[in-house]
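In: Below is the sequence, then the predicted model.
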Amino acid sequence: MNSKRSKTGIRHRAAVLAADLATWASKKTGRGSGGMIGGLIAGAIDPNLMSSLGNGRPVALITGTNGKSTTTRMLAGAVRTKHSVATNEGGDNMDAGVISALLAGRDGEAVVLEVDELHVPNIAEKLDASVLVLLNLSRDQLDRVGEINKIERTLRACVDARPDMTVIANCDDVGVTSVAWDSPNVVWVSAGFGWVGDSTSCPRTGGAIIHEKRADGILDWYAVKKLPDGREFRRPEPQWRITNEGIIDATGQLHQLNLKLPGNANRGNATQAVAAAVALGVETETAIRAAEQVDNVAGRYSTVEFEGRDVRLMLAKNPAGWQEALSMVDRSADSLVISVNGQVADGQDLSWLWDVVFEHFEDLKVVAAGERGTDLAVRLGYAGVEHELVKDTVEAIRSCPPGRVEVLANYTAFRDLKRVLDREGTTKDDAAKGEEK
């Protein structure tokens with residue numbers, strides 16, 4: 001027994017040392033932030049490392065198709081008002097990224113992690129998650145994760161296996177509601193309907209879902225077909241709600257919410273982050289103030305000065321995310337660059353472009369860019385949007401006249417552009433600091 005413990009301890013120490021060296025080398029050589037490589041190496045050396053790094057700390061996991069990084073940043077900020085926190089702010093949300101975050105935050109008193117939907121069961125089990133935040137479920141990378149119902153079944157099994165885990169669930173989303181339906185510790189949050197195009201059938205019966213507006217003006221939904229046990233499957237009454245006025249908490253009290261981030265989706269994200277923070281012992285007002293301090297997430301929504309242009313960056317990765325991001329485009333800007341790649345990390349099937357409403361950009365100069373810029377240009381043509389095609393995203397920005405340029409890009413297009421702008425541009429915060437000096 002002692003020999004076994006000794007070998008386990010040696011393996012653990014070797015894994016941690018190797019991860020630290022790999023992370024340092026990745027940063028030193030400029031090949032990356034080290035958010036993945038350290039975890040990959042450490043996990044290969046010690047398969048039990050993730051469990052040991054959990055170390056009995058309270059753990060909150062955030063998952064869903066859209067909004068993971070933003071909600072994680074808001075929740076981590078709220079929890080940080082009471083405890084030191086280990087979190088994956090870089091967005092590396094699979095097993096290797098989680099291990100790297102736990103290694104970097106090994107002294108943190110609490111853990112707040114965004115997690116890829118398909119990795120939730122394994123990570124929740126290994127870290128004994130105490131809180132799971134379920135944001136939304138819509139079509140994403142079909143070539144990687146498959147249909148929504150597959151994800152719903154995977155998450156539902158995780159929730160059913162962990163009855164003591166508190167689940168913060170968006171009851172406006174049909175798939176999320178199905179995942180959390182039988183949880184004895186669910187907190188229902190009305191976070192906004194957003195994308196309902198994928199919520200046409202009940203994940204449990206296959207019957208149709210009806211969306212309607214109630215007499216009191218609140219949007220509602222219900223399944224035509226009852227569940228096998230005879231229960232009616234319909235939108236639960238929420239304990240927390242986001243409204244135009246602010247957040248209504250579980251006691252019915254209204255709290256003002258003034259986010260720095262744009263869009264209704266982020267208001268819903270903030271509401272779920274606050275509800276989760278309260279479940280972890282943070283005061284409501286304290287959690288709201290923390291959410292309000294978030295002004296960008298890994299460069300998203302940030303503005304960079306680049307060669308006489310103020311470039312605002314936005315990220316979108318799937319139909320629901322694109323539709324929401326398009327609603328945030330500042331129509332008073334001078335130009336809009338839309339950049340689309342089709343690498344593995346983006347999903348190589350871009351047929352979803354035809355599900356996004358690109359119409360009505362008459363007052364903006366529009367440039368299609370990215371490795372799959374031609375696909376995008378065809379879609380914009382059918383949408384009746386006048387545009388130019390400049391595949392290199394940096395050159396596309398340079399083709400815009402001096403002034404304000406909105407940039408909307410998918411994952412690898414955003415990543416590659418941000419590397420250039422980090423090197424050659426100046427953020428608004430940096431410029432302001434320079435003026436103060």
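Out: Perfect, thanks for sending it. Note that this is a predicted model, so its numbers are computed, not measured.
In: what number of residues lie near residue 349?
Out: 11 (other CB atoms under 10 Å). Every C-beta, even on glycine, is put in place using the N, C-alpha and C of the backbone.
In: That one: what secondary structure?
Out: coil (DSSP: H, G, I helix; E, B strand; the rest coil).
In: how near is it to residue 342?
Out: Distance of residue 349 to residue 342, computed by CB to CB, to the nearest Å: 8 Å.
In: What segments of the stretch 51-200 of the chain are helices?
Out: 68-79, 95-104, 120-127, 142-145, 148-161, 174-180 (DSSP state H, counting those that start in this stretch).
In: Next, format those helices as TSV and append distance to residue 324.
Out: Formatted as TSV, the helices of the stretch 51-200 of the chain follow (distance: least, CB to CB, whole Å):
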stretch	distance to residue 324
helix 68-79	11
helix 95-104	24
helix 120-127	22
helix 142-145	19
helix 148-161	17
helix 174-180	16
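In: For residue 376, which of these is the nearest?
Out: helix 142-145 (18.2 Å; CB to CB).
In: average pLDDT across that closest one?
Out: Per-region confidence: helix 142-145 scores 52 on mean pLDDT.
In: Stretch 164-175 now?
Out: For stretch 164-175, the mean pLDDT works out to 96.
In: Could you do stretch 276-294 as well?
Out: Here the average pLDDT along stretch 276-294 is 97.
In: how many other residues sit next to the nearest residue to residue 422 once chain neighbours are set aside?
Out: For residue 422, ignoring the flanking residues on the chain, the nearest one in space by CB to CB, 6 or more residues apart in numbering is residue 299 at 7.9 Å. Using other CB under 10 Å, residue 299 has 18 neighbouring residues.
In: One more: residue 420?
Out: Residues near residue 420, counting by other CB under 10 Å, number 14.
In: Of all residues in this structure, which one is nearest the centre?
Out: residue 68 (2.2 Å; CA atoms, centre = their mean).
In: For that residue, which residues are in contact?
Out: Going by CB atoms under 8 Å, 6 or more residues apart in numbering, residue 68 touches 62, 91, 93, 114, 115, 135.
In: ok, residue 69 to residue 204 distance?
Out: 29 Å.
In: can you pull the pLDDT of residue 117?
Out: At residue 117, pLDDT is 93.
In: Residue 432 now?
Out: Residue 432 is given a pLDDT of 47.
In: what's the answer for residue 180, then?
Out: 98.
In: OK, contacts around it?
Out: 134, 159, 167, 169, 186, 188.
In: In TSV: these, plus distance to residue 418.
Out: Formatted as TSV, these follow (distance: CB to CB, whole Å):
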residue	distance to residue 418
134	28
159	35
167	33
169	32
186	37
188	36
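In: quick check, nearest of those to residue 402?
Out: residue 134 (44.1 Å).
In: Give me the neighbour count for that closest one.
Out: 29.
In: what's across from it in the sheet?
Out: For residue 134, the beta-bridge partners are residue 63, residue 169 (DSSP bridges).
In: OK, contacts around it?
Out: By CB under 8 Å, 6+ apart, the residues touching residue 134 are 63, 64, 155, 167, 168, 169, 170, 173, 176, 179, 180.
In: what do you get for residue 275?
Out: Per CB under 8 Å, 6+ apart, neighbours of residue 275: 168, 187, 189, 239, 240, 250.
In: Would you mind listing where the stretch 101-250 of the chain has pLDDT under the threshold?
Out: For the stretch 101-250 of the chain, the stretches with pLDDT under 70 are 140-146, 194-197.
In: can you rerun that using 80?
Out: 139-147, 193-199, 215-217 (pLDDT under 80).
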